[in-house]
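1. Based on what follows, work out the 3D shape:
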Amino acid sequence: MAPRHKSTNTLGSPSVVFRPGDRPGARYMSGRVVLDEAFMNGRLCTRYWNSNGQVWPEMHYDKLLWHADQAADALRLAVNGQDLASGFVLESTNIEADTSIYRRRKSSNGRSLPFSHSVVTLAHQDAGVGVKVHTRLDGSRFIIRWLEISNRNRESIGITEAAPFSGLLWTHRYEEHLPPGCASPFELAYNHTFEWGREGDFWFEPLPDGRKVVNGGKKGRSGWGRPAFWARNICNGETFVCELAWGGNYEFGLDCRLKASNWSWQQVQPTSRSAELYFRMGLSGTDNVLRVVDPGETINTPAVHVALFHEDTDAIVQATHDHVRHVVMPAQVPGRHVEIEANHRGYLCDRENVPDIKKDIDVAASLGVDMYVIDAGWYGNEPNKWWNNVGDWHDGKWMAKGGGLKAVVDHAHRRGLRFGLWVEIEAVGANSTIKKEHPDWVLKRNGEPIAQGRALDITQPAVAKWMDGEIRRLIRTYKLDMYRIDHNHCMAPAGNRQYKGFTEDLTWRYYDNFCAMLDRLRNDFPKVVFQNCAGGGGRLDWGTMSRFHNTELSDWMRMPRGVKILNGVTMSLPPEILLRTFGTEVGEHVLDGDVDTQLRHCFCRLIFRGIAPSMDDLTPYLRERIEHYIALYRKVIRPVMADGLVFHHTPYLPLAGHTPWCVLEYSERNARRSVAALFHTSATGPREFVLKPRGLNPAFEYQVTLDNSGRSFRMSGCELMNAGLAIQLESTLRSELIVLERHSGRTR
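-> The predicted structure follows:
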């Protein structure tokens, strides 16, 4: 018997069928997903979605007509305040070479798998705009779409709305399919909060009749969360996944319409209740004009990634992780896939000095970490205040006394560690020389600095050139193995400028230049790992992550929020790219839980931020527990999660709610090994959790090890998956780690 998860990510050959005639259109088929769109009455509209690989008969759709108030349009675009829907002309449909940043999928022997990139070209003659609708398929469930917009006028135009993907999701009867007490056939999951330390607050809520709009707080970036949602259809069990690959302001909307209908089939039910659900995912801004496009200029929107599933949460997560690992994110630097890091901020915040940093390196090296990272506080003018000194990326006097950063790098390398460096390149502090020399470089709104005057304006060519040059200089000077970016301010309200008669929001231009810089740097430094931080847990969108190899979750390490954050974020991003911290940088240590729980809190990538001030201060007990976890991490956790399956036994946990358990399981794809972390997160609710592992093969026999006690015993996969293991934790903020390994040579 094969594990049930094996078939969920089956790839098929993608294909696009262009339909001619008086109602031309396109049918996109990728994996099990079918999307059918038609051009009618000047609109490119959705006809239907199907999650089971079925093409529905033309007789049901050949007379389909969408009314003006039905938001079935496959894209939303407005220029100079004019909605372009109903005014398009279809110019051409083509299959073209793919020029996007997204990676080609590979087979097990390294060969590129088939993919399709189609372009539907529309023109709006009244507005003088050409729009190419790019759609990329690769045989998986995910469809990637973006727009290429060209100004065919003799004057500049202002884009006032841009939603690269939108349209109909579902329309059907629903009365007989709803359970009692359920008011709507649809539910919506998204990140409900957008503040620091609250990413991963991802859970479902009912979607009532009317419009639901979420804009992420308009922080000038994708926020602490992500521009994404899942829409679930209770009637048919389908789930629609939508992610905007962009680090700027965003807005998505769901339009739910519940009404009586006169639908009938052979007069069986002359009157019924019907439901329609429409969606849109796009950009938003503080100013009405999101982007000015000059005559003859062509620009691209960010991409939207969507998928439709007729399976459970586990299958959705596996397919999403597969897409992120192999299509969205850059290939990992060979040999650097999941490193154990140590970061200096645990005991040396704002009192950085070379002798004490060397002691910290010695502690880290003695425990066998892979890389040492210097974070904020090594640079700038006196006094040593990291927030105010950003922008001056040279040794502070407090560092120069001991030989400077170069001495730290040399010491780390002598101890056999790689070296990484933190640089908040997009910021300039109040105490920095660079700000005093270039006050015109800060991002402004209506002529006045925004974000406390801290945000550099990368839309200016001189600023973009300086940023690029500083990163290159630092990588070369200090022979960096890893470059760690940060982004701690919110550009809210957004920067703007007066240009060609428009007040233009600068966020779109900002992120175009930011992404272009990162693309150049990664290309020129292929052996350097690029790490995202963004205030800890910010900019987790797929656009940002397509430029980085890994990212840090929130700086907030305390229980239980920390593991809930990991639980929620891993609905989208795989755990091996997510950094969590063990250490002393953040206060409230009394709420950490025991040492084992603190270490298991890093059930992803592991950062030590404060092990002990020196070797003399490292207690035998702490050393033994850390060494134990690192050994287990290297032997089991890291290889299992590196390209493994992730199972959420307690999905959709509101960060603010009292939930007694948070349980995650990682499994190898061949079901030979699995590891689960169970956290008792609240005094409310049961103290026992019955774990029924999902990543096993019922035909295998497994050696089960309980890490708390060290006890080990054998159970069959069938027993484990059906009866489960009853785990009791009497105290709150305690945990258990369970390792399941196939017993060699034995099956049942």
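
2. where in the protein is pLDDT low?
-> 1-10, 261-271, 745-748 (pLDDT under 70).

3. Where is the longest strand in it?
-> strand 734-747 (DSSP state E).

4. Need the contact partners of that strand.
-> 593-594, 596-597, 600, 632, 636, 671-680, 691, 693, 696-697, 699-708, 714, 720, 725, 727, 729 (Cβ atoms under 8 Å, 6 or more residues apart in numbering). Heads up, the C-betas are built off the backbone N, CA and C, glycines and all.

5. And stretch 490-504, by the same measure?
-> 155-156, 158, 217-221, 249, 285-292, 294, 443-446, 450-451, 455, 457, 459, 505-507, 510.

6. Mind giving me the ChimeraX command for buried ones among the residues you listed?
-> Selecting only the buried entries of the contacts of stretch 490-504 in ChimeraX, with 16 or more other Cβ atoms under 10 Å as the criterion:
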select :156,158,217,218,219,220,221,249,285,286,287,288,289,290,291,292,443,444,445,450,451,455,457,459,505,506,507,510
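
7. just to revisit the earlier point, next step: the contacts of strand 734-747 restricted to helices.
-> Among the contacts of strand 734-747, the ones falling in helices (DSSP state H) are 596-597, 600, 632, 720.

8. Which members of those residues define the maximum pairwise distance?
-> 597 and 720 (23.5 Å; Cβ to Cβ).

9. helix/strand/coil for residue 317?
-> helix (DSSP: H, G, I helix; E, B strand; the rest coil).

10. pretty sure it is in contact with residue 648, am I right?
-> Yes. Counting by Cβ atoms under 8 Å, residue 648 is a contact partner of residue 317 at 6.6 Å.

11. what is in contact with the two at once?
-> Common neighbours of residue 317 and residue 648 (Cβ under 8 Å, 6+ apart) are 570-571.

12. what's near enough to touch residue 401?
-> 353-354.

13. Please repeat the previous calculation with a cut-off of 7 Å.
-> residue 354 (Cβ atoms under 7 Å, 6 or more residues apart in numbering).

14. and it, how far is that from residue 354?
-> 7 Å (Cβ to Cβ, to the nearest Å).

15. now residue 339
-> Distance from residue 339 to residue 354, by Cβ to Cβ: 24 Å.

16. Give the helix, strand or coil label for residue 544.
-> helix.

17. quick one: contacts for it?
-> Residue 544 touches 222, 247, 532, counting by Cβ under 7 Å, 6+ apart.

18. Could I have the buried ones of the contacts of strand 734-747 as ChimeraX selection syntax?
-> Buried members of these, defined by 16+ other Cβ under 10 Å, are picked up in ChimeraX with:
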select :593,596,597,600,632,636,671,672,673,674,675,676,677,678,679,680,691,693,696,697,700,701,702,703,704,705,707,720,725,727,729
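
19. So which of the contacts of strand 734-747 sit within strands?
-> 673-680, 691, 700-706, 714, 725, 727.

20. quick revisit: need the ones in helices among the contacts of strand 734-747 in a markdown table (columns: distance to residue 59).
-> Below are the ones in helices among the contacts of strand 734-747 laid out as a markdown table (distance: Cβ to Cβ, whole Å):
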| residue | distance to residue 59 |
| --- | --- |
| 596 | 63 |
| 597 | 61 |
| 600 | 57 |
| 632 | 60 |
| 720 | 50 |
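
21. of these, closest to residue 32?
-> residue 720 (29.5 Å).

22. which residues sit in contact with the closest one?
-> With Cβ under 7 Å, 6+ apart, residue 720 has these contacts: 693, 696, 702, 740.

23. And the furthest pair within those?
-> 693 and 702 (8.5 Å).

24. returning to that earlier point: what are the pairing partners of the longest strand of the chain, and which direction each?
-> strand 673-680 (antiparallel), strand 700-706 (antiparallel) (DSSP bridges).

25. My guess is residue 387 contacts residue 429. True?
-> Yes. Using Cβ atoms under 7 Å as the test, residue 387 is close enough to residue 429 to be in contact (6.2 Å).

26. so residue 286, which of the three states?
-> coil.

27. What does it show for phi and psi?
-> phi -80, psi -40 (degrees, to the nearest 10).
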